[in-house]
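Trainee: here are the coordinates; sequence isn't available:
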């Protein structure tokens with residue numbers, strides 16, 4: 001097994017899988033609490049969208065290029 005480098009990019013499939021797992025967990029917990037399938041589908045769907053947006057935002061914040069040591073990173 002190879003260790004991923006810090007500059008390796010994750011694919012879209014990873015983002016969608018993490019979001020789907022989070023949505024499924026929230027949907028199951030919600031259904032266990034209220035026993036209404038419509039509410040649990042809404043909660044799971046909203047969680048899927050929110051987690052996907054947050055992960056994509058964090059991925060966009062990461063710079064892949066190395067910064068020179070004599071210049072500030074923010075300009």
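Mentor: Structure's in. What do you need? Please read these numbers as outputs of a predicted model, since none were measured by experiment.
Trainee: look up phi and psi at the closest residue to residue 41 other than its chain neighbours.
Mentor: Distance criterion C-beta to C-beta, 6 or more residues apart in numbering; nearest residue to residue 41, sequence neighbours excluded, is residue 27 at 6.5 Å. C-betas here are computed from N, CA, C, even on glycine. Residue 27 has phi and psi values of phi -60, psi -40 when expressed as degrees, to the nearest 10.
Trainee: ok, residue 18 - contacts?
Mentor: Residue 18 makes contacts with 51, 55, as judged by C-beta atoms under 8 Å, 6 or more residues apart in numbering.
Trainee: find the centremost residue of this protein, please.
Mentor: Closest residue to the average C-alpha location of the chain: residue 55 at 3.1 Å, with C-alpha atoms, centre = their mean.
Trainee: go ahead and confirm it touches residue 19.
Mentor: Yes. The pair residue 55 / residue 19 is scored as a contact, 6.7 Å apart, by C-beta atoms under 8 Å.
Trainee: find the residues that touch each one of the two.
Mentor: In the contact map built from C-beta under 8 Å, 6+ apart, no residue is linked to both residue 55 and residue 19.
Trainee: my read: residue 56 touches residue 12, true?
Mentor: No. Taking contacts as C-beta under 8 Å, residue 56 lies outside contact range of residue 12: 9.2 Å.
Trainee: of these two, which one has the most company?
Mentor: Just comparing residue 56 and residue 12: by other C-beta atoms under 10 Å the higher neighbour count belongs to residue 56, 13 against 10.
Trainee: quick check: the residue nearest to the centre of the chain vs residue 37, distance?
Mentor: Between residue 55 and residue 37 the distance is 26 Å, computed by C-beta to C-beta, to the nearest Å.
Trainee: what mean pLDDT does stretch 37-54 get?
Mentor: Taken as a whole, stretch 37-54 has a mean pLDDT of 97.
Trainee: buried residues in that stretch, which are they?
Mentor: By neighbour count with 16 or more other C-beta atoms under 10 Å, stretch 37-54 contains the buried residues 40, 43, 44, 47, 48, 51, 52.
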